[in-house]
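**Student:** Pasted the sequence and its predicted model underneath.
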Amino acid sequence: MLAIRQKSKTTFSLINYTKSELVASFNTPDGTATYPLATGVVTMVREFDRQEGSIFKLSMSLDSQDSQASHVISLKRRINRKRKWAALKTDSSWRIYQLKLSRRHIRIFIFPMRPLPSWMKDLPDSVLLSNLCLPGTHETMALYGWPFSQCQDLTLSDQLRHGIRMVDIRIVLVDGELRAYHGLQPERATFTSILEEVCSYLESEDGKSETVIMSIMEEASFMPSSPLFSTLVRDAIINPPSKKSMWFLENRVPTLGEVRSKIILFSRFGGTGEGWEGGTNGVGIHPTRWPNNQREGFEWDLEKTRVRTQDWYGIPSFLNIPEKFAVAVEMLLPCPAPNGKDDLSITFMSAARVPFALPSTVACGFGWSALNLGVEGVNSRVGRWLLEQLGGDDDQDIASDGLQQTIKPLENKPGCSQVTLVKSMSNLEKLAIVDDDSRKEPRLRGWVLMDFLLNPYELGVVPLLIECNWRGRVDGEEGWRS
């Protein structure tokens, strides 16, 4: 690798993940430099950023050649030391992120602005839900009981409109009514009100193209279990405000087209399915096993699907956050199932143990990360990891005299092309990785459940998980039709 020598220089690289040809214009001390951004191509620009000790300032304007969309973005050279990434607030047609690849190299990711309330409408009906990346929430209704029990900061309706497509409902029978609880903490919602919110969303204009997986289990860790639980759940989902026609109750993974505007039951209750039409084949997706707090994860079979699950929640302390993060994201990487089966991964980013690993501590971290003091939470680590997977792992530090110098492609990176430095105008240099037919995008798939989805950067992670559904796609594979 070649190292940058001048302290006054910072390299910015850009990758355009939209379908439009874009033009980036940089305002520099030497004037304005303009660069075309082809789809899927990495373009690098080195800026001579500081003059006479002035504070670093750089603005970039983006223009689409397919529309009149334009936006000016103020870029930051200094990014949070712990996180090393940032989601930039824009009111444009794009979602824009920065990732610090090295000390003086920052990559800018430009993604389309997908509508979070109805993001599934642009996915083909033919794709299996096991071949999607679905953001979800752990302990969806846990809005109360800070700091021990609270796990979320948005209501159920708001979560759905912010892109969440799997919810984790923990309920218990209290005074003849099913109510949401987290441990001993009542969460001020009944099962009936929960169903009313989900059904209302799916019947809305935004929700008619979507689907919601609803995991239901009895919160019996601190409350007595009821033999009537399964029957009461069944009665609730077939009677108003719910409708049986809105539920997918088969014990298999459906295609998206089968379940638009429907709720998919994921039953962590019910045993043999007694009282349900079809027994275990009529109580929704029904795990055959769920070992408690197993660090290495576990597998179970679902008809033609091998399901890999990671739900290690009882980490010893916040010192185990890096370990928890590592085993959780590993589940999103491809792992072909034997005997031609489909593969589904379900991974929980959440964990907690009182007093040294509270839910907010694990998800959000603590301290002053901008000063490199404190601990980075799982959510932030996931955001950085997703960006690295989507195009941030091919850092190339550039020599100052690299005119027409070829850099060897990275090892073990199929599809990497030759990289050439080209001298440009206005004291800027440009580096482009040619996008050829062999260049491959990562496939990141799975159902991801997290705590405190607003952290960090106000939904910084959820849009990235959603974007994974358009990356690594090939017509005819994974049920994909463009």
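**Tutor:** Yep, that arrived. Residues are numbered from 1 along each chain as shown.
**Student:** C-alpha from now on. contacts and neighbour counts both.
**Tutor:** Noted.
**Student:** so after the helix or strand residue 187 falls within, what's the next helix or strand?
**Tutor:** Using DSSP states H and E, residue 187 sits in strand 185-190. Toward the C-terminus, strand 185-190 is succeeded by helix 191-202 as the next helix or strand (DSSP H and E).
**Student:** Hey, what's the angle from that following helix to strand 185-190? Just curious.
**Tutor:** Comparing the axes of helix 191-202 and strand 185-190 via axes from the mean of the first three to the mean of the last three CA atoms, to 10 degrees yields an angle of 60 degrees.
**Student:** Helix 191-202 - what's its average pLDDT?
**Tutor:** Helix 191-202 carries an average pLDDT of 98.
**Student:** can you give me the helices for this protein?
**Tutor:** For the chain, the helices defined by DSSP state H cover 156-161, 191-202, 229-238, 256-259, 321-330, 359-364, 378-387, 462-467.
**Student:** Which of the ones you listed sits closest to residue 336?
**Tutor:** helix 321-330 (13.5 Å; CA to CA).
**Student:** Show me where the protein dips below the pLDDT cut-off.
**Tutor:** Scanning the chain for pLDDT under 70 picks out 1-8, 27-30, 46-61, 64-71, 73-82, 91, 369-370, 392-439.
**Student:** One more pass at 90, please.
**Tutor:** For the chain, residues meeting the criterion pLDDT under 90 lie at 1-14, 18-84, 86-94, 100-106, 108, 220-225, 367-374, 391-442, 457-460, 481-482.
**Student:** picking that back up, among the helices of the chain, which comes closest to residue 83?
**Tutor:** helix 378-387 (6.2 Å).
**Student:** The strand holding residue 187 pairs with which strands, parallel or anti?
**Tutor:** Sheet partners assigned to strand 185-190 using DSSP bridges are listed as strand 177-182 (antiparallel).
**Student:** rewinding a little: so which of the helices of the chain is nearest residue 248?
**Tutor:** helix 256-259 (6.9 Å).
**Student:** What ranges does the stretch 51-200 of the chain have for its strands?
**Tutor:** In the stretch 51-200 of the chain, the segments counted as strands under DSSP state E, counting those that start in this stretch are 58-64, 70-75, 85-88, 94-102, 105-112, 133-137, 166-174, 177-182, 185-190.
**Student:** Out of those, indicate the one that is most buried.
**Tutor:** Among the strands of the stretch 51-200 of the chain, ranked by average contacts under mean count of other CA atoms under 10 Å, first place goes to strand 133-137 (a mean of 26).
**Student:** Show me what that one is packed against.
**Tutor:** strand 166-174, strand 446-450, helix 462-467 (3 or more CA pairs under 8 Å, 6 or more residues apart in numbering; DSSP states H and E).
**Student:** same thing but 6 Å
**Tutor:** Helices and strands touching strand 133-137, by 3 or more CA pairs under 6 Å, 6 or more residues apart in numbering; DSSP states H and E, are strand 166-174, strand 446-450.
**Student:** report the angle between the axes of the shortest one and helix 378-387?
**Tutor:** For strand 446-450 against helix 378-387, the angle by the same axes, to 10 degrees is 150 degrees.
**Student:** Strand 446-450 pairs with which strands, parallel or anti?
**Tutor:** strand 133-137 (parallel), strand 342-348 (parallel).
**Student:** Distance to residue 271 for the ones you listed - can I get that in CSV?
**Tutor:** Converted to CSV, those look like this (distance: least, CA to CA, whole Å):
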stretch, distance to residue 271
strand 133-137, 24
strand 342-348, 20
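**Student:** To residue 391, which of those lies closest?
**Tutor:** Each of the strands paired with strand 446-450 has some distance to residue 391 by CA to CA; the shortest is strand 133-137, at 17.5 Å.
**Student:** and that closest one, how far from the chain's centre?
**Tutor:** Relative to its chain's centre, strand 133-137 lies at 7 Å (CA atoms, centre = their mean, to the nearest Å).
**Student:** same deal with stretch 297-307?
**Tutor:** Taking mean C-alpha positions (CA atoms, centre = their mean), stretch 297-307 and its chain are 22 Å apart.
**Student:** Show me what counts as buried in that stretch.
**Tutor:** Of all the residues in stretch 297-307, those buried under the rule 16 or more other CA atoms under 10 Å are 297, 299, 301, 302, 305, 306, 307.
**Student:** export it as CSV, just CAs?
**Tutor:** Taking C-alpha atoms only, stretch 297-307 is exported to CSV below (Å, rounded to 0.1, in the frame of the first residue of the first chain):
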residue,chain,number,x,y,z
GLY,A,297,-26.1,-20.0,18.0
PHE,A,298,-28.2,-22.9,16.9
GLU,A,299,-30.0,-24.4,13.9
TRP,A,300,-33.4,-25.8,13.2
ASP,A,301,-35.3,-27.1,10.2
LEU,A,302,-38.3,-25.4,8.6
GLU,A,303,-39.7,-27.5,5.8
LYS,A,304,-37.2,-26.8,2.9
THR,A,305,-35.3,-24.2,4.9
ARG,A,306,-32.3,-24.5,7.3
VAL,A,307,-32.7,-21.7,9.9
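**Student:** List the contacts of residue 380.
**Tutor:** Listed by CA atoms under 6 Å, 6 or more residues apart in numbering, residue 380 has no contact partners.
**Student:** and residue 230, how many neighbours?
**Tutor:** Around residue 230 there are 21 other residues, counting by other CA atoms under 10 Å.
**Student:** Relative to residue 458, how far out is it?
**Tutor:** Taking CA to CA, to the nearest Å as the measure, residue 230 falls 37 Å from residue 458.
**Student:** Contacts for the strand holding residue 187 next, please.
**Tutor:** If you take CA under 6 Å, 6+ apart as the criterion, strand 185-190 is touched by 142, 144, 178, 179, 180, 181.
**Student:** Is the fourth one bridged to anything, and to what?
**Tutor:** Yep, that's residue 179 we're talking about. residue 172, residue 190.
**Student:** Touching, it and residue 170? I think so.
**Tutor:** No: look at residue 179 against residue 170 with CA atoms under 6 Å: they stay out of range, at 8.3 Å.
**Student:** What is the burial count for residue 192?
**Tutor:** 18.
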